[in-house]
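*Asks:* Return a 3D structure for these sequence lines:
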Amino acid sequence: MKTPAEVDQIAENVIASYCSSAGIETPDDLRKACELLISKAARAIEKYNGHTKSVEVLRRTMDYVATNPMPVGGVQ
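*Replies:* As a prediction, this is how the structure comes out:
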């Protein structure tokens, strides 16, 4: 696997491309599309790593987002 920095940049590019392809026009469109993406990613983790591991990843992600807020509209 590539380095964490490389994988982070790939993820940014994939999300940008996904949002563009989905025709995102509003913040609510973005929320809906990203929620679907999160769900699909969780199911992919579950398929190959099991239900417990998938839920563990979602909880870690939730904890990180809850304790590291980003201002609405972009990066700090």
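
*Asks:* Please point out which parts of stretch 49-65 sit buried.
*Replies:* Across stretch 49-65, burial judged by 16 or more other CB atoms under 10 Å covers Ser54, Leu58. Heads up, the C-betas are built off the backbone N, CA and C, glycines and all.

*Asks:* pLDDT of it, averaged?
*Replies:* The pLDDT scores in stretch 49-65 average 97.

*Asks:* Residues in contact with it: which ones?
*Replies:* Outside of stretch 49-65, the residues within contact range by CB atoms under 8 Å, 6 or more residues apart in numbering are Ile38, Ala42, Arg43, Ile45, Glu46.

*Asks:* which helix is the longest one in the protein?
*Replies:* If you go by DSSP state H, the chain has its longest helix at helix 27-49.

*Asks:* any idea which element the residue lying closest to Arg43 once chain neighbours are set aside lies in?
*Replies:* Excluding its sequence neighbours, the residue lying closest to Arg43 (CB to CB, 6 or more residues apart in numbering) is Ser54, at 7.3 Å. In the assignment (DSSP states H and E), Ser54 maps to helix 51-67.

*Asks:* what angle do that helix and helix 27-49 make?
*Replies:* 150 degrees (axes from the mean of the first three to the mean of the last three CA atoms, to 10 degrees).

*Asks:* measure the residue nearest to Arg43 to Pro69 for me?
*Replies:* According to CB to CB, to the nearest Å, Ser54 stands 24 Å off from Pro69.

*Asks:* where's the residue nearest the centre of the chain relative to Thr3, distance?
*Replies:* By CA atoms, centre = their mean, the chain has its centre lying nearest to Ile38, at 5.1 Å. To Thr3, Ile38 is 23 Å away according to CB to CB.

*Asks:* who's in contact with the helix or strand containing Ala5?
*Replies:* Taking DSSP H and E as the criterion, Ala5 maps to helix 4-21. Here helix 4-21 makes contact (CB under 8 Å, 6+ apart) with Met1, Lys2, Leu30, Ala33, Cys34, Leu37.
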